[in-house]
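In: Could you look at this predicted model? Sequence included:
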Amino acid sequence: MPVINKIADFFEEMKGWRRQLHANPELEFDCFKTSSFVIERLKEFGVDEIHDGIAKTGVVGIINGKKNGKTIGLRADMDALPLQEETNHEYKSKIDGVMHACGHDGHTTMLLGAAKYLSDTRNFSGRVALIFQPAEEKGGGAGVMCKEGIMDKFEIDQVYGIHTAPNVELGRFETNSNTVFAAADDFTININGNGGHGAYPEHTIDPVMIATQISQAIHSISSRNLPARDPVVISITQIHSGTTYNIIPGRAFINGTIRTLTKDTQEIVQRRMQEICKGYSDAYGANIELDYNFGYPATINYKKETDFAVKVAKEISGDNNVEDDAKPDMGAEDFSFMLHERPGAFLNLGQGKGPGVHNTKFDFNDDLSPIGASFFVKLVEKALPV
């Protein structure tokens, strides 16, 4: 696997960065220590411009090439997850209830590795915008950075990102030139009935019974309102109601997530949920309120930029270790907001066998860092040749 030699030479340094980040995870927009660490490294590398405080703790570093030209954006996310780490690593999380369980410590490390190399060699025209983003897991930090104008301010023409992929062969790239990740919406249904004694249900409007029926009806949307070939995931993840065994409560609460690949499917699901809630409200006389929250849009790659990224990936990992027609993933990515602003591509990069992401035993594979950094560097040098 042709990792750039110079990047391979500072592999141990990259490993040290990654493990430092892993031991000090931060949540959502509060990535203060992480962004400070990133800024310190960028200053050491001699990055030309460092802009911080974007989306609260986001950072954009600018590296100028040898000649004038366009600007390419490279993105890494920095935030962790609210999980209690269950590993025995000497560098395990020092923060109770918070850990890097999705590889963002590795993503940041890969981009820092590319920044170190590019700052030294500058074997490209134009500029590189290094985008270090908070709040990917919750809060849509990519969208906030875009709303705060990074694409226009830094004149970014195209943008790329990568994500570690557990249980995919180390160094194997997977992507496609269409939808790579689903849209992620969430919903809350509040059912206001009329409570009473469990022995006399005829005098109540039972929100527990209504909640169970609504749950079954919602799960039928994918099988009865959409074609079987149209992927959709509807998961009810919370149902709360009641206080004891002999009281029918007055209220119930339902919560969950919805993943879709197209806008049409998303709209059908929302409409059917509204109709279901209204139908049960009319049938039982309960006051039922649906709060449907449109979250991260689907992550949709651009064909030209994806074809280019695939070509670069093959130079790094070989033709047989790059999948350019991978099936869409029903997970979600807020990199989608950046692709709404500029053309680009998002790729998964295999890190080998081990626990999956969002798992309390997950750990980023440090052997992946030089591969990801080399990919970013080659992307820049090929896109912006001198």
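Out: Perfect, I can see it now. Residues are numbered from 1 along each chain as shown.

In: Show me where the stretch 1-150 of the chain has its helices.
Out: Along the stretch 1-150 of the chain, counting by DSSP state H, counting those that start in this stretch, helices occupy 5-9, 11-23, 32-45, 104-121, 141-147, 150-153.

In: among these, which is nearest Ile214?
Out: helix 141-147 (30.5 Å; CB to CB). Quick note: C-beta positions are derived from backbone N, CA and C, even for glycine.

In: about what we covered before: okay, the helices of the stretch 1-150 of the chain, which one's buried deepest?
Out: Comparing the helices of the stretch 1-150 of the chain by mean neighbour count (mean count of other CB atoms under 10 Å), helix 104-121 comes out on top with a mean of 25.

In: can you tell me the average pLDDT over that helix?
Out: On average, the pLDDT along helix 104-121 is 98.

In: Just put the helices of the stretch 1-150 of the chain in a markdown table and tack on distance to Met338.
Out: Output for the helices of the stretch 1-150 of the chain, formatted as a markdown table (distance: least, CB to CB, whole Å):
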| stretch | distance to Met338 |
| --- | --- |
| helix 5-9 | 25 |
| helix 11-23 | 22 |
| helix 32-45 | 18 |
| helix 104-121 | 14 |
| helix 141-147 | 5 |
| helix 150-153 | 8 |
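
In: so which of those comes closest to Asn225?
Out: That would be helix 141-147 among these, by CB to CB, at 29.1 Å.

In: that older thread, nearest to Lys263 among the helices of the stretch 1-150 of the chain would be which one?
Out: helix 141-147 (16.8 Å).

In: What lies in contact with the closest one?
Out: 28-29, 54-56, 58, 75, 77, 79, 131, 133-136, 296, 334-338, 340-341 (CB atoms under 8 Å, 6 or more residues apart in numbering).

In: same deal with stretch 22-33?
Out: 34, 37, 55-57, 78-82, 89, 91-95, 98-100, 105, 134-135, 137-139, 141, 144, 363-364.

In: Verify the contact between Thr87 and Phe364 for me.
Out: No: judged on CB atoms under 8 Å, Thr87 makes no contact with Phe364 at a distance of 11.5 Å.

In: ok so, going back, can you tell which of the helices of the stretch 1-150 of the chain is closest to Glu323?
Out: Nearest of those (CB to CB): helix 104-121, 19.5 Å.

In: Output the contacting helices and strands for that closest one.
Out: Under the contact criterion of 3 or more CB pairs under 8 Å, 6 or more residues apart in numbering; DSSP states H and E, helix 104-121 touches helix 5-9, helix 11-23, helix 32-45, strand 58-64, strand 67-77, strand 125-133, strand 156-165, helix 369-383.

In: Let me know the pLDDT of the spatially most central residue of the chain.
Out: The C-alpha lying nearest the average C-alpha coordinate of the chain belongs to Glu333 (CA atoms, centre = their mean; 3.2 Å). Listed pLDDT for Glu333 reads 96.

In: Flag every buried residue along stretch 249-267.
Out: 249-252, 254-262, 265-266 (16 or more other CB atoms under 10 Å).

In: ok so, going back, could you dump the helices and strands packed on helix 104-121 to JSON lines with mean pLDDT?
Out: Converted to JSON lines, the helices and strands packed on helix 104-121 look like this (pLDDT from 0 to 100):
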{"stretch": "helix 5-9", "mean pLDDT": "94"}
{"stretch": "helix 11-23", "mean pLDDT": "98"}
{"stretch": "helix 32-45", "mean pLDDT": "98"}
{"stretch": "strand 58-64", "mean pLDDT": "98"}
{"stretch": "strand 67-77", "mean pLDDT": "97"}
{"stretch": "strand 125-133", "mean pLDDT": "98"}
{"stretch": "strand 156-165", "mean pLDDT": "98"}
{"stretch": "helix 369-383", "mean pLDDT": "97"}
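
In: I'd like these written out as a markdown table, with distance to Ala313 added.
Out: Output for those, formatted as a markdown table (distance: least, CB to CB, whole Å):
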| stretch | distance to Ala313 |
| --- | --- |
| helix 5-9 | 16 |
| helix 11-23 | 19 |
| helix 32-45 | 24 |
| strand 58-64 | 22 |
| strand 67-77 | 14 |
| strand 125-133 | 18 |
| strand 156-165 | 9 |
| helix 369-383 | 6 |
